[in-house]
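Enquirer: What follows is a predicted structure for the sequence shown.
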Amino acid sequence: MSIYPERLNYYVDGGAVSRSQLSAVATLLSLSNDGNVPRVVNDLVWVSFALALNASEGGHTCIDLNEIERWYPDDLEIGALNWPTSSEWVQAVSEHVDLVATPSTIEQLPRRPFVLDGSRLYVLRSFEEERSIAEWMSSAAGSRLKVLLGGPGSGKTTEVAKQLVERFAGSSAQDVSVAMAAPTGKAADRMRQAIEARLLSEKASAEVIARVQESPSITIHRLLGYSPVRRTGRFQYNRKNPLPYDLVIIDEASMLSLSLMHRLIEALRPTAELFLVGDPEQLASVDAGTVLADISIAAKAEGTNLHRCTKRLTTQFRYAIGSPIEQVVKAVQSGDADRLIEVLRPMRNSEEVVSWIDPSSKEVEDLAAFESLGFAVRRHAQEVVDLAGASKYVEVLEKLGDLQLLCASRSGQLGIAGWNRTVNQWIGTSSRKQWFIGRPILITKNDHSNHLYNGDVGVVCSDKDGGVRVVFDGIDGPREFPTVRLPEVETVHALTIHKSQGSEYKHAVVVLPTGRSRLLTRELLYTGVSRAREQLTIVASESALRTAVNTVVTRASGLADRL
C-alpha cells in the first residue's frame, strides 16, 4: 500500500476522507511518476484528489471546487475542520500542472491522472467519457439521436410503437435492424411486452410485429457483450467491433450511468441511430452520472439540435387529470412541501383515493388508521394465498398488483424487512417451509435462459396435480416454473421504491422512515407516489415528507454544460 503523508490524518479524523482513499491517491500518483509518490506540499491537493478519485461513490462524475462545501463532513460542525474558500482549492490544484491537465493540455505527454476544467476536478477517465458523450450528441442530435421524455403513464410506449411503425412502413426500411435494451433485464423485458401489446392495439402490420419480435430486448450490458473474464476487454462490442444494428432503443434511460452511456455510443455504427426513452425526474443510475437529467436540462435551450430532437410528453394517462393522486405528484414534482402538506392534510387518515397516515403519531385517529391499513394489507395477502392455493394463475397475478407496499428503506420496522416479517406472521407462514403457497417472490439475480430478471415478481402457487409452481406474468399469459429452476429470490410482501421503478399498482402504499435518513429525496418520493393508478396511501411523518420534497439529488457533472 502506498504511503501518504501522516499529517493528512487530520482530514481522516475529521471524516472528510478515509485512509484507503488517500492510499489510493498515493498509488495512482506513484503509477504516474515511475513508482514514486511525487512531492505534493499542499494538503488541499491531496484531499481534492481523494474526493475526485472517489466521487463516483456519491454518484458524481467529478467534484466542483466552487461548491466544495458540499463535501464537508455531514456530521461535523462548521469550522471544526480547516476548509478554505473554493478559490483557494482551485488555486492549489491548478498549480500542480505535473499532475493535473486542463482541457487544452489533456493530450500532452506524459498523461496526467486528473483534469481541472474550470472549477470541476475529474479523474482523467471520467473527463474523457463525459467529453466523448457530449461530442457524439452534438454531432448526432441533428439526425441520429432522438430523445423521448415523459412521466409515468404519459404514453412513452405508445410513442415508441408509433415510431417503429413509421420506421418500418417504407420499403427502404426492410433491412433496418433494431435492438431494444434497458439498464435492467426487467425493464428490457417489460419494454418488449409493452411495445408488442401496443403494436397489436395499433393494428400494426404482421411484418412490423414480426420485425419487433425478432429484435433482441436485453440489458445494455448483454447488448454490448459484457463479460468480466474477457481477455481482450470486458465488452465484446466497441469502436473497433460495432454493434450490428441500425437503430438502438434504450428504455428507462434515467438509470443510464455515464460510463455505460459512453460504452454504448462507442459501440454504435457510424450511421446507427439511438433512441433514448425515460423520465428524467425519476431515480437516477446507481452508478455515477445523471445522463438523462443532464440531456433534459440542455435540451430546454430552444433553437439547438438537441432541443429539436427531444420530445416531451406532458399528458399522463395513469390516473385522472386533476385527481388527488395527480395533485400529490405535482406538489412533489414542483418541490413545494407546503403545497404537498396542504393537499394531504384534508386526506389525513381517510379511506379515499389518497390517504395520509403519520406512523410517528400516538393520536387515537392515527393509530386507528395505521391499524386499518394493516388489515387491508393482511386481507390482500390472504386473498393472494387463497387464489394461489386454488391454482388460479391469472387471477392471483392480477390480485398481486392490486396493492403493493413500497418502502424507502430495506431495514427497520417500516422497511421491507419489517413489513415482510409482519405480513408472514399475519398469514401464518413464518414457520412454514420456504416455498409456501401464496408467497410473493422477487427475482434478485438475472436468469437469461428462463427470461427471468432481477426485479421480476411472481407468486408461489399450487398446480393442478398438487405440486408447487412459481408463476410470473408473460405477454401470452402466465409463465410457470418449478422452484428448482429459479435463480436467487426473496419474499416481497413489501418492495423497495427503487425496485418499483417502471411499474404501476392499483393501490400503492408508500412508506417512509420516521428518523433521519439519506434515502429521503424528492426523486424517491416522486417515484413512489407516481406508481399509484387508482389509490395512494402515504405512511410518513410531516417532517419526513418535507425532508424528501426539499432534498434534491444533486450530482456534480459537467455534461449539461457541455451539451
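Expert: Sure thing, it's come through.
Enquirer: going forward, measure contacts between C-alpha atoms and count neighbours the same way
Expert: Fine.
Enquirer: What lies in contact with stretch 141-150?
Expert: With contact meaning CA atoms under 8 Å, 6 or more residues apart in numbering, stretch 141-150 is reached by 137, 156, 271-280, 296, 305-306, 308-314.
Enquirer: Pull out the buried residues from the residues you listed.
Expert: 137, 156, 272-280, 296, 305-306, 308-311, 313 (16 or more other CA atoms under 10 Å).
Enquirer: among these, which are in helices?
Expert: Met137, Lys156, Ser296, Asn305, Leu306, Arg308 (DSSP state H).
Enquirer: pLDDT-wise, what's the bottom of the residues you listed?
Expert: In terms of pLDDT, the lowest of those is Lys156, showing 82.
Enquirer: what about the stretch 101-250 of the chain, any weak spots by pLDDT?
Expert: 169-174, 229-232 (pLDDT under 70).
Enquirer: Enumerate every residue touching the closest residue to Leu81 other than its chain neighbours.
Expert: Spatially, and ignoring its direct neighbours in sequence, Leu81 is nearest to Gly14 (6.6 Å; CA to CA, 6 or more residues apart in numbering). Counting by CA under 8 Å, 6+ apart, Gly14 touches Pro73, Leu76, Leu81.
Enquirer: So which of these are in strands?
Expert: The strands in this structure, assigned by DSSP state E, contain none of these.
Enquirer: picking up where we left off before, if I look at the residue nearest to Leu81, how far off is Glu77?
Expert: According to CA to CA, to the nearest Å, Gly14 stands 10 Å off from Glu77.
Enquirer: can you pull out the helices in the stretch 1-150 of the chain?
Expert: 9-13, 19-31, 43-53, 86-94, 124-140 (DSSP state H, counting those that start in this stretch).
Enquirer: residues making contact with the first one?
Expert: So the one you mean is helix 9-13. When contacts are defined by CA under 8 Å, 6+ apart, helix 9-13 is touched by residues Val17, Ser18, Arg19, Val47, Leu81.
Enquirer: so where's the stretch 401-550 of the chain shaky on pLDDT?
Expert: 429-432, 475.
Enquirer: so where do the strands sit in it?
Expert: 403-407, 440-443, 457-462, 468-472, 479-481, 489-491, 494-496, 505-511, 532-539 (DSSP state E, counting those that start in this stretch).
Enquirer: Columns mean neighbour count and distance to Gly374 on top of these, output as CSV?
Expert: Below are the strands of the stretch 401-550 of the chain laid out as CSV (neighbours: other CA atoms under 10 Å; distance: least, CA to CA, whole Å):
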stretch, mean neighbour count, distance to Gly374
strand 403-407, 25, 11
strand 440-443, 23, 17
strand 457-462, 27, 21
strand 468-472, 24, 26
strand 479-481, 17, 30
strand 489-491, 17, 18
strand 494-496, 24, 13
strand 505-511, 24, 11
strand 532-539, 24, 12
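Enquirer: for these, which one sits closest to His96?
Expert: The closest of the strands of the stretch 401-550 of the chain to His96 is strand 494-496. By CA to CA, the value is 45.0 Å.
Enquirer: what helices or strands is the closest one leaning on?
Expert: strand 403-407, helix 416-426 (3 or more CA pairs under 8 Å, 6 or more residues apart in numbering; DSSP states H and E).
Enquirer: same thing but 6 Å
Expert: strand 403-407 (3 or more CA pairs under 6 Å, 6 or more residues apart in numbering; DSSP states H and E).
Enquirer: got the angle between the strand it packs on and strand 505-511?
Expert: 30 degrees (axes from the mean of the first three to the mean of the last three CA atoms, to 10 degrees).
Enquirer: Walk me through which strands strand 403-407 pairs with, and which way each runs.
Expert: Paired with strand 403-407 in the same sheet, following DSSP bridges, are strand 494-496 (parallel), strand 505-511 (parallel).
Enquirer: Which of the contacts of helix 9-13 sits closest to Val97?
Expert: Closest to Val97, out of all of the contacts of helix 9-13 and judged by CA to CA, is Val47, at 16.6 Å.
Enquirer: Give me the neighbour count for the closest residue to the closest one other than its chain neighbours.
Expert: Nearest residue to Val47 in three dimensions, chain neighbours excluded: Val17, at 7.1 Å (CA to CA, 6+ apart). Neighbour count for Val17, taken as other CA atoms under 10 Å: 23.
Enquirer: and Val17, how far is that from Ile68?
Expert: 13 Å.
Enquirer: residues of stretch 418-426 that come out buried?
Expert: Trp419, Asn420, Arg421, Thr422, Val423, Asn424, Trp426.
Enquirer: got a list of what the second one touches?
Expert: Contacts here follow CA atoms under 6 Å, 6 or more residues apart in numbering; on that basis Asn420 touches His493.
Enquirer: Make 20 the starting number, not 1.
Expert: All right, first residue 20 from here; so that's Asn439.
Enquirer: And it, how far from Trp454?
Expert: For Asn439, the distance to Trp454 - CA to CA - is 15 Å.
Enquirer: Could you do Asp580 as well?
Expert: Taken as CA to CA, the span from Asp580 to Trp454 is 52 Å.
Enquirer: more neighbours, these two?
Expert: Set Asp580 next to Trp454 and count neighbours by other CA under 10 Å: Trp454 wins out with 18 against 11.
Enquirer: ok, now which ones touch the nearest residue to that one once chain neighbours are set aside?
Expert: Of all residues not flanking Trp454 in the chain, Val479 sits nearest, at 6.6 Å (CA to CA, 6+ apart). Contacts for Val479 (CA under 6 Å, 6+ apart) come out as Ile456, Gly457, Arg458, Arg488, Val489.
Enquirer: Please name the nearest non-neighbouring residue to the last one.
Expert: It refers to Val489. Nearest to Val489 is Val479, by CA to CA, 6+ apart, at 4.4 Å.
Enquirer: that older thread, looking at the buried residues of stretch 437-445, spot the one nearest Leu363.
Expert: Trp438 (23.8 Å).
Enquirer: Can you report how many residues lie near the closest residue to Pro299 other than its chain neighbours?
Expert: Nearest residue to Pro299 in three dimensions, chain neighbours excluded: Ala312, at 4.7 Å (CA to CA, 6+ apart). Neighbourhood size, Ala312 [other CA under 10 Å]: 22.
Enquirer: The helix ranked longest in the chain to strand 487-491, inter-axis angle?
Expert: If you go by DSSP H, the chain has its longest helix at helix 383-408. Per the same axes, to 10 degrees, the angle that helix 383-408 makes with strand 487-491 is 120 degrees.
Enquirer: and the angle for helix 383-408 with strand 551-558?
Expert: Going by the same axes, to 10 degrees, helix 383-408 makes 130 degrees with strand 551-558.
Enquirer: what's the average pLDDT for helix 383-408?
Expert: 88.
Enquirer: Which strands or helices does that helix pack on?
Expert: strand 476-481.
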